[in-house]
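S.K.: Okay, here's the prediction I keep looking at, along with the sequence it came from:
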Amino acid sequence: MAWSGNYEALRQYLRDFTNIGGDPAYDTHGILMLLLALADNLRASPAAVADLPELAETITPEHAAFLEKLSRWAAEARHTEPGDAAV
């Protein structure tokens with residue numbers, strides 16, 4: 001499915017996203033599912049995976065710290081070490 005909208009508008013929408021239904025509650029689960037869908041998208045594309053080392057500079061230290069924390073939480077939930085799963 002192709003998307004023909006504005007990339008910056010999509011990025012801003014996702015940054016401001018709280019939930020799909022307009023409910024005032026923050027949908028943490030929904031946002032995590034969006035993040036995981038994007039991770040699945042990247043992992044499924046050998047070309048994208050090959051590009052990641054080159055694009056890593058776009059990941060801020062704050063992003064990296066958050067992703068590392070998320071990885072630790074996931075590993076703790078599974079009682080494994082971060083990075084043990086196949087990429």
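M.R.: Received the coordinates, thanks.
S.K.: Figure out the helix or strand that Pro24 lives in.
M.R.: Following DSSP states H and E, there is no helix or strand that holds Pro24.
S.K.: How confident was the prediction at the residue nearest the centre of the chain?
M.R.: Nearest residue to the geometric centre of the chain (C-alpha atoms, centre = their mean): Leu35, 3.3 Å. For Leu35, the pLDDT comes out at 94.
S.K.: before we move on, what about Arg11?
M.R.: Value listed for Arg11 in the pLDDT field: 89.
S.K.: Quick one: mean pLDDT for the helix or strand hosting Pro53?
M.R.: Using DSSP H and E, Pro53 sits in helix 46-55. Predicted confidence along helix 46-55 averages 91 (mean pLDDT).
S.K.: Show me how far it is from its chain's centre.
M.R.: Taking C-alpha atoms, centre = their mean, to the nearest Å, one finds helix 46-55 lying 15 Å from the centre of the chain it belongs to.
S.K.: Likewise for stretch 67-82?
M.R.: That offset, for stretch 67-82, works out to 15 Å (C-alpha atoms, centre = their mean).
S.K.: Please export the C-alpha coordinates of it as PDB.
M.R.: The C-alpha trace of stretch 67-82 is given here as PDB (Å, rounded to 0.1, in the frame of the first residue of the first chain):
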ATOM      1  CA  LEU A  67      15.600   2.000  23.000                       C
ATOM      2  CA  GLU A  68      18.200   0.500  25.200                       C
ATOM      3  CA  LYS A  69      15.900   0.800  28.200                       C
ATOM      4  CA  LEU A  70      13.000  -0.700  26.200                       C
ATOM      5  CA  SER A  71      15.300  -3.600  25.200                       C
ATOM      6  CA  ARG A  72      16.200  -4.100  28.900                       C
ATOM      7  CA  TRP A  73      12.600  -4.200  30.000                       C
ATOM      8  CA  ALA A  74      11.700  -6.700  27.200                       C
ATOM      9  CA  ALA A  75      14.700  -8.900  28.200                       C
ATOM     10  CA  GLU A  76      13.700  -8.700  31.900                       C
ATOM     11  CA  ALA A  77      10.100  -9.700  31.000                       C
ATOM     12  CA  ARG A  78      11.500 -12.800  29.100                       C
ATOM     13  CA  HIS A  79      14.300 -13.300  31.600                       C
ATOM     14  CA  THR A  80      16.900 -13.100  28.900                       C
ATOM     15  CA  GLU A  81      19.800 -10.700  28.100                       C
ATOM     16  CA  PRO A  82      19.300  -7.700  25.900                       C
END
